[in-house]
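Colleague: Generate a structure from the sequence data that follows.
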Amino acid sequence: GEVFVPDDGSETDLDLGHYERFVRITTGQHSNFTTGRIYESVIARERRGDYLGATVQVIPHITDEMKRCIRRGAGDADVCFVEIGGTVGDIESLPFLEAIRQMGVELGRERVAFVHLTLVPYIATSSEIKTKPTQHSVKELRSIGIQPDILVCRSELPLPEEQRRKIALFTNVQEKAVISAYDMDDLYKIPQVLHEQGFDEIICRQLRLDVPKADLAEWQQVVDAKVNPESEVNIAMVGKYVDFRDSYISLAEALLHAGIHTRTRVNIHYVESQDVEVNGINQLRQFDAILVPGGFGDRGIEGKIQAVRYARENNVPYLGSCLGLQVAVSEYARHVAGLDGAQSTEFDRQTPHPVVALITEWQTADGMTEVRSEASDMGGTMRLGGQQIQLQPDSMVQRIYAQDEIRERHRHRYEVNNNYRERLSKAGLHFSGLSADDLVEMVELPDHPWFVASQFHPEFTSNPRDGHPLFSGFISAARDYAAGEAPSGQKASA
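Modeller: Prediction:
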């Protein structure tokens, strides 16, 4: 699936994206750790002699390292939410479960709440709800010393009272703490559903938290805007990983957030860029806007370039993210600036016009200089994380953001070649956003109704309650295009 990039530049699981979008927090490298990182750290400490020659074991050395990571990740927060992936009984998760069992003893039961997510399957052929999987899962958990305080039961349908009583009886959990997490038609309705069952109050009571009652007014506004749209648009996302939608999950969510903030039903159509290469651009004529997302490797690149050209020549709203900017620059160089064969050196090392290339040095957000080369490892050599971007005065993006300087997150290795900037500018391409060390961050076309591309990933900072100005502007432009009007997305609603 997607690699989610927090502001500090760590590369993490897409689940952190869900937490940032739902809770409005900023995660980082200490918010996510894997078995590999734990073992690597323990082995390094053993090599340094930190254990004074003692035999390194899962208990206590591995579990101690896990607890240390949890405490470091918590920092000075009042409450730390710890998710352990996998399934109870899996060998991979056992040391993690042992670590939180120990923390329950060390911190005391009034400072720890164990919430167990279980599956309650519904057998449609016999119209039965089966509680046995939940009973056995809790039995496994109790066998290693963890008694859940709350059960969140995933099910297709709401859990009837009879089944809730049965689960409570056989798992030693209070009936009111058996929460029914049934399938919803909208992900953003879930906070309200859990609140109605008292989930939040049970947690606060367990942890002795003196807090005011939850105010879900903002979530209600989100749901209301989503279920009561005033308009509808069809967006083509022209990518190369469309068979695995999780690859673009933050982008898809950001488009939906923009729909919420513009009261627009956003229909996302995933278009395989190789299909555009083979079958041409006719399939794009049905859409109100085109988005080209990030990616790596040369497969489908020419299809993306064709999609950019179609959007540019037909005044279709266009938004490019990361690679979406690079193919936009290549397309403009070829077909407007007269640079035949212009391409990124990532895809063609022999291109006569390397308008996008691998830079060897760049400045990080803290002012340090990082160096890379063609021989560098793929991992850890990208420009990663949040950096400041200066927006050009009177540019479309400056009006969209309503700011002169913004901060956005990156994940890429190749950059626009500054040696071609003057020539491309004279041909009409406007470089409207630049980094502190003069790298191209955003481009736009002044003579196009709405054509914007970013080297960064704006989708990583969008959330349902706040949206993101760039996506809101894009959807507003798509609405205008669908209505047959000149896009007015120069000023986004947020």
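
Colleague: what about residue 64, how many residues close to it?
Modeller: Using other Cβ atoms under 10 Å, residue 64 has 13 other residues around it. The C-beta positions use only the backbone N, C-alpha and C, and glycine is treated the same way.

Colleague: before we move on, which element is it in?
Modeller: helix 63-74 (DSSP states H and E).

Colleague: can you list the residues that contact that helix?
Modeller: Here helix 63-74 makes contact (Cβ atoms under 8 Å, 6 or more residues apart in numbering) with 30-31, 33, 38, 41-42, 45, 80, 82, 95-96, 98-100, 102-103, 106.

Colleague: Just the buried subset of the residues you listed, written out for ChimeraX, thanks.
Modeller: One line in ChimeraX is enough to select the buried ones among the contacts of helix 63-74; burial here means 16 or more other Cβ atoms under 10 Å:
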select :30,31,33,38,41,42,95,96,98,99,100,102,103
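
Colleague: For residue 435, which non-adjacent residue is spatially closest?
Modeller: Closest residue to residue 435 apart from its sequence neighbours, by Cβ to Cβ, 6 or more residues apart in numbering: residue 441 at 5.4 Å.

Colleague: how about the spatially closest residue to residue 12 that is not a sequence neighbour, what does it touch?
Modeller: Closest residue to residue 12 apart from its sequence neighbours, by Cβ to Cβ, 6+ apart: residue 32 at 4.3 Å. Residue 32 sits next to 10, 12, 13, 16 when contact means Cβ under 8 Å, 6+ apart.

Colleague: Return the residues in contact with the first one.
Modeller: Residue 10 makes contacts with 28, 29, 32, 384, 385, as judged by Cβ under 8 Å, 6+ apart.

Colleague: Would you reformat those residues as a markdown table and include distance to residue 321, secondary structure and pLDDT?
Modeller: Listed next are the contacts of residue 10 as a markdown table, based on distance: Cβ to Cβ, whole Å; DSSP: H, G, I helix; E, B strand; the rest coil; pLDDT from 0 to 100:
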| residue | distance to residue 321 | secondary structure | pLDDT |
| --- | --- | --- | --- |
| 28 | 22 | coil | 92 |
| 29 | 23 | helix | 90 |
| 32 | 23 | coil | 90 |
| 384 | 15 | strand | 90 |
| 385 | 16 | strand | 92 |
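
Colleague: Narrow the residues you listed to just the buried residues.
Modeller: By 16+ other Cβ under 10 Å, the contacts of residue 10 give 28, 29, 32, 384, 385 as buried.

Colleague: What is the nearest of those residues to residue 411?
Modeller: Each of the buried ones among the contacts of residue 10 was scored against residue 411 by Cβ to Cβ, and residue 384 proved nearest at 5.7 Å.

Colleague: picking that back up, and the residue nearest to residue 435, what pLDDT?
Modeller: In the predicted model, residue 441 carries a pLDDT score of 97.

Colleague: what bits of the chain have low per-residue confidence?
Modeller: 360-381, 486-494 (pLDDT under 70).

Colleague: what about residue 119, how many neighbours?
Modeller: 12.

Colleague: And for residue 139?
Modeller: Applying other Cβ under 10 Å, we find 13 other residues in the vicinity of residue 139.

Colleague: so how far is residue 209 from it?
Modeller: Separation of residue 139 from residue 209 (Cβ to Cβ, to the nearest Å) stands at 30 Å.

Colleague: With residue 160 instead?
Modeller: Counting by Cβ to Cβ, the gap from residue 160 to residue 209 is 31 Å.

Colleague: now residue 389
Modeller: With Cβ to Cβ as the criterion, residue 389 and residue 209 are 39 Å apart.

Colleague: and the two? which has more neighbours close in?
Modeller: Taking neighbours as other Cβ under 10 Å, residue 389 and residue 209 compare with residue 389 leading, 25 against 12.

Colleague: In three-state terms, label that one for me.
Modeller: Following DSSP: H, G, I helix; E, B strand; the rest coil, we place residue 389 in the strand state.

Colleague: How much space separates the residue lying farthest from the centre of the chain from residue 47?
Modeller: Using Cα atoms, centre = their mean, the residue of the chain lying farthest from its centre is residue 53. It sits 42.8 Å away. Distance, residue 53 to residue 47, by Cβ to Cβ: 12 Å.

Colleague: quick one, strands of the stretch 151-300 of the chain?
Modeller: Ranges of strands in the stretch 151-300 of the chain, per DSSP state E, counting those that start in this stretch, are 178-182, 231-239, 264-272, 289-292.

Colleague: sorry, that was for the stretch 301-450 of the chain
Modeller: 318-321, 343-344, 354-358, 361-363, 369-371, 383-391, 405-412, 414-416, 430-435, 440-444.
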